[in-house]
Each structure stands twice: as C-alpha cells, then as structure tokens.
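Visitor: quick one, what's the 3D model for this:
(one chain, ligands or ions: 1)
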Amino acid sequence: MASAPGRANLIGEHIDYAGGVVLPFAISDRTHVGVTRRSDRKLHVSSTHSKLAITLELDELENWKGTPWARYPLGVVHVLRTLGADFPGLDIEIDGSVPHGAGVSSSAALECATALALNELFSLGHSSLDLAKICRRAENEYVGMPCGLMDQAASMLSQENHILAFDCLTFETQQLPFNLSEDNLEILLIDSQVKHQLVDGGYASRFAACESARSTLGLDSLRHLTREAFESADLEPLVRKRVSHVIAEMERVSKTMVALKEKNFREVGELLNQSHASLRDIYEVSCKELDLACEVALTSGAFGGRMMGGGFGGSAIILTPIDNTQTVIANVSKAFADAGFKKPRAFIVSPSAGARIEYSA
Ligand code: GLA
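Guide: Numbering: from 1, shown residues only. Purely as a prediction, here's the structure:
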C-alpha cells in the first residue's frame, strides 16, 4: 500500500507545460492505494468513494473507455505495461481524503499512489521522478488531459516544511525551506465550490496556444523565449496574449524565490496578486467566485492570493498573517453569501510529505 498527497501551488501557474519553474508543495490530504496480485488476468478496481467497482480483463485495458475515476489508476497500469512491466491480474483498492474538483489534484494523488505501490510490489525500480513522468503520461495518453508535470512532481517529490522548486524543463528540484508557523503565517485554500472539469476544452486550448507559439518561433521550449524576442515576435493576437502571461509568470516565479529567501512575505503576497490578475485578465482561466475570494482576502488583511491550479473553478490560495486568517475566512464567506454564491470551504494547509510506501508484504 502506498499513499500520495494532493498539492497546492504557491506560484508558477500554467507554465509547467511551457517548461517553466513552478513552486508547488504537497498538502496533508492523501490518497491510499493498495495493490495485490490476483491469480487470474482480471483488473479489479474499487474505491471507498464509489459503490461501483470496475472489473475488466488485462487484455481489454488498452482500449477500455469506462468510468472516469478508474481511468487514472488504470492509465498508470497501462503505461507501466507499455514500459515492459508484466503484470498478472490485480486488485486495486483506493481510499483517500483528497477533495475532488477543488483544484488540489486528487487525480495526481491517485496516479502517484498507484504507481508507487506497483513499483514496490513488482520491484520495477523506477525513480520517484520517473514515476511522476509515468503518471503524467497516464493522464495525457490514457485519460486524455494534456497536463504538465507539476502535479505529479509535487505529489511524488515534496518534503514536509518545504516548497518544491521544480524545473519543468531540466527536471531539477530544489527544496526551499518554508515553515509557516515560524513566521506567523498561514496558507489558506478557499475552495470556490465551482467544480472544474479539466478534461474540458479551456485547459487544452491554453496548452495549444503555447504549443503553437513554441512551434511558430522554432523553439524547444517557451522557457527559451526572452522578453526582448517576445516583444518583436510575430504571433497571432490571442496566442500573443496567452504567451505574455507565460513570460511574466516565469519572471514572477524567479522574484518569488528571492522574496522567499529574504522572508519578504509582503512581496510574495504582491507577486501572488499579480499572478491572479494575469490569470484573470490575460490567461482568462479564473471565475467570478475566485476573483471575489482573492479581492476580499486582500482587503481583510491577507498579504496576497490568487486562483490556483488549472482554473475555471477549484481553489484560491491565500497567504496571510496568522492573526488575520479568521477574518479572511469570515469575510470571504459573507461576501459569497451576499453575492449569492455557494458557501465556500476554507482549509489551512502547510507543506507536507510526498508519496510514500505505507505497508509492504
Ligand atoms: C493543472 C495541470 C498542471 C498545471 C496546472 C496549471 O493542475 O494538471 O499540469 O498545468 O493545471 O498550472
């Protein structure tokens, strides 16, 4: 049995698939996946969250089109098989506390826990980074969501009390110490209760805009696009607009890394605010609930905040002095009620441990 966490992302949004550096961290909510061998060639997947268990033949796996939630663990089984793993039938049991649709990547948690459990049980010998890449492939190729590597890297590689600076171009990692209580800070996630569905077109079209710019400009990665080269590049207006977010967000990540080192948390907050404005107005992946949460958090004493993850719903991440946390929560809840929005859910998170083996027999 392995477990893997959901993730939050301090900053570096919608730049992982453009080769940027991102600053995510694992949250304490985890998904547990137990895998056992079967004596036949069936795959049996069950989850405490769903009454419907899934059973299929191993040979049906490649073209199987069933239940969305089961596609995440089955995608991992599929990719590992294409890499040479010779699995017998398997029982895969899932239990977890990572909220779904809240933008904290319950899908990566499920993929990573499955991958780690299979890696251990069958002594496959993949490194944590390789497992993260395998999970991304499962999501890209089997689930059909063209995500980057941030969520899987965060779930696999995070350490307690650290932010993971993950370079999506070189795959280098740096663990940045981030002990919130030492600095009287709290990070609040405000779940807008707007359920995002990332397999929908909004995410894919942003990904496609970046890809089109990259290939038009003849680059390996948008990471290599300097601001000067961008200013003079000939890009179609909407593509140009999207890429301007990518360039500015990469710059904000560098500035955030400096501000974190200097413990200049007001500056970090300001960079979060700028990131939100860019995701709202330039990348156009926010929604009115997330905009309101960030706006009210700021006027309630938070250092800053922004929408987090793929967007179109999910959660906002707010950095606040600990003394203002309850005011932020109360004011955001009231503002949501006044606006006629669903009641938001607030939870306090801190950087937690990445995926691990829980039990092995
Ligand atoms: C989703 C994707 C990630 C990343 C974020 C946006 O969470 O799975 O790969 O692109 O959106 O930063």
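
Visitor: domain-wise, how is the chain divided?
Guide: Per automatic domain parsing, the structural domains of the chain span 2-176, 178-349.

Visitor: spit out the contact partners of the residue sitting nearest the centre point of the chain.
Guide: Nearest residue to the geometric centre of the chain (CA atoms, centre = their mean): Asp151, 3.5 Å. With CB atoms under 8 Å, 6 or more residues apart in numbering as the criterion, the residues that contact Asp151 are Arg7, Pro24, Ser105, Ser107, Ala108. All C-beta atoms are positioned from the backbone trio N, CA, C, and that covers glycine.

Visitor: how about these in CSV, adding secondary structure, distance to Glu93 and pLDDT?
Guide: Shown next, in CSV, are the contacts of Asp151 (DSSP: H, G, I helix; E, B strand; the rest coil; distance: CB to CB, whole Å; pLDDT from 0 to 100):
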residue, secondary structure, distance to Glu93, pLDDT
Arg7, strand, 23, 98
Pro24, strand, 27, 98
Ser105, coil, 21, 96
Ser107, helix, 17, 96
Ala108, helix, 19, 98
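
Visitor: just to revisit the earlier point, which of the domains of the chain sits most buried?
Guide: Greatest average neighbour count among the domains of the chain goes to domain 2-176 (a mean of 21), per mean count of other CB atoms under 10 Å.

Visitor: now that one, how far from the chain's geometric center?
Guide: 11 Å (CA atoms, centre = their mean, to the nearest Å).

Visitor: can you give me the end-to-end distance of it?
Guide: Taking CA to CA, to the nearest Å, the first and last residues of domain 2-176 lie 25 Å apart.

Visitor: restrict stretch 135-144 to CA atoms and write it as CSV.
Guide: Extracted as CSV, the C-alpha positions of stretch 135-144 are listed here (Å, rounded to 0.1, in the frame of the first residue of the first chain):
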residue,chain,number,x,y,z
CYS,A,135,1.8,9.3,-14.1
ARG,A,136,1.8,12.4,-16.4
ARG,A,137,1.8,10.1,-19.4
ALA,A,138,-1.1,8.1,-17.9
GLU,A,139,-3.1,11.4,-17.7
ASN,A,140,-2.0,12.7,-21.1
GLU,A,141,-2.4,9.5,-23.1
TYR,A,142,-4.9,7.4,-21.2
VAL,A,143,-7.2,10.0,-19.5
GLY,A,144,-6.8,12.5,-22.4
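
Visitor: could you list the residues in contact with that stretch?
Guide: Here stretch 135-144 has contacts from 68, 71-72, 74-76, 78-79, 107-108, 111-112, 115, 145-149, 152, 155-156, 199, using CB under 8 Å, 6+ apart.

Visitor: switch to 6 Å and redo it
Guide: Residues outside stretch 135-144 that contact it (CB atoms under 6 Å, 6 or more residues apart in numbering): 71, 75-76, 78-79, 111-112, 115, 145-147, 149, 152.

Visitor: please apply the same query to stretch 102-112.
Guide: Contacts to stretch 102-112, defined as CB under 6 Å, 6+ apart, come from residues 4-7, 31, 72, 76, 98, 100, 135, 138, 151-152, 155-156, 191, 308-309, 314-315, 355.

Visitor: quick check: which element contains the residue nearest to the centre of the chain?
Guide: Assigned by DSSP states H and E, Asp151 belongs to helix 150-157.

Visitor: ok, which stretches of this protein are strands?
Guide: With DSSP state E, the ranges of strands along the chain come out as 2-9, 21-22, 24-37, 42-47, 50-57, 90-96, 162-167, 173-177, 185-191, 304-307, 315-321, 345-349, 356-357.

Visitor: re the thing from before, ok, the contacts of Asp151 vs Lys255, which is closest?
Guide: The nearest member of these to Lys255, counting by CB to CB, is Pro24 at 17.1 Å.

Visitor: what about that closest one, distance to the ligand?
Guide: Distance, Pro24 to the ligand, using CB to the nearest ligand atom, to the nearest Å: 9 Å.

Visitor: what's opposite that residue in the beta bridge?
Guide: Taking DSSP bridges as the rule, Pro24 bridges to Asn9.

Visitor: who's in contact with Lys262?
Guide: Check again: residue 262 is Glu, not Lys. Neighbours of Glu262 in contact, by CB under 6 Å, 6+ apart: none.

Visitor: pLDDT wise, what is it at?
Guide: Looking at Glu262, its pLDDT reads 97.

Visitor: circling back: between the contacts of Asp151, which sits nearest Phe166?
Guide: Taking CB to CB as the measure, Phe166 sits nearest to Pro24 out of the contacts of Asp151, at 6.9 Å.

Visitor: quick check, nearest of the contacts of stretch 135-144 to Asp234?
Guide: Using CB to CB, Pro146 is the member of these that lies nearest Asp234, at 25.2 Å.

Visitor: I figured that closest one hits Phe207, correct?
Guide: Yes: counting by CB atoms under 6 Å, Pro146 does reach Phe207; the two are 4.8 Å apart.
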